[in-house]
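Chemist: I need the structure of the sequence given here:
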Amino acid sequence: VKDIVVKRFDEICKERNMKINELANISGVTPSTAYSMMDKNRRDVSIVTIKKFCAGLEMTLGEFFSTPDFDNLEQEIK
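Modeler: Take a look at the predicted model:
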């Protein structure tokens, strides 16, 4: 799930010609928080940070999570 969250923000930033540092700035998130989320070894992802990034991008959480990648995630519990 964390990898897909990071992939989604990366895609949105590319679509908008924006760097992750810019996203952090417009979202009121420290650049170090953004980079710790994007770092493959850390993937420090929180729903609060996701919400702030979405607010900075002027999108809802529903818009952010409404993608085939999230829809097709395998259930953790079967």
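Chemist: got a list of what the residue sitting nearest the centre point of the chain touches?
Modeler: Centroid-nearest residue in the chain: Phe9, 4.0 Å away (criterion: Cα atoms, centre = their mean). Phe9 sits next to Ile20, Leu23, Met37, Met38, Phe53 when contact means Cβ atoms under 8 Å, 6 or more residues apart in numbering. All C-beta spots, glycine's among them, are computed from the backbone N, C-alpha and C.
Chemist: Mind giving me the PyMOL command for buried ones among those residues?
Modeler: Applying 16 or more other Cβ atoms under 10 Å to the contacts of Phe9, the buried members can be selected in PyMOL as follows:
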select buried, resi 20+23+37+38+53
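Chemist: Among the contacts of Phe9, which lie within helices?
Modeler: Within those, residues falling in helices by DSSP state H are Ile20, Leu23, Met37, Met38, Phe53.
Chemist: Report the two of these separated the most.
Modeler: Pairwise distances across the ones in helices among the contacts of Phe9 peak at 11.1 Å for Met38 and Phe53 (criterion: Cβ to Cβ).
Chemist: quick one, helices of the chain?
Modeler: 2-15, 20-27, 31-38, 47-56, 61-65, 68-71.
Chemist: May I see the buried residues of stretch 31-42?
Modeler: In stretch 31-42, counting by 16+ other Cβ under 10 Å, buried: Thr33, Ala34, Met37, Met38.
Chemist: before we move on, the earlier item: the contacts of Phe9 into a markdown table, with extra columns for distance to Asp44?
Modeler: Below are the contacts of Phe9 laid out as a markdown table (distance: Cβ to Cβ, whole Å):
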| residue | distance to Asp44 |
| --- | --- |
| Ile20 | 13 |
| Leu23 | 15 |
| Met37 | 6 |
| Met38 | 9 |
| Phe53 | 13 |
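Chemist: Now tabulate the contacts of Phe9 in TSV and tack on distance to Asp69 and pLDDT.
Modeler: Putting the contacts of Phe9 into TSV (distance: Cβ to Cβ, whole Å; pLDDT from 0 to 100) gives the following:
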residue	distance to Asp69	pLDDT
Ile20	19	93
Leu23	19	96
Met37	17	92
Met38	17	91
Phe53	16	97
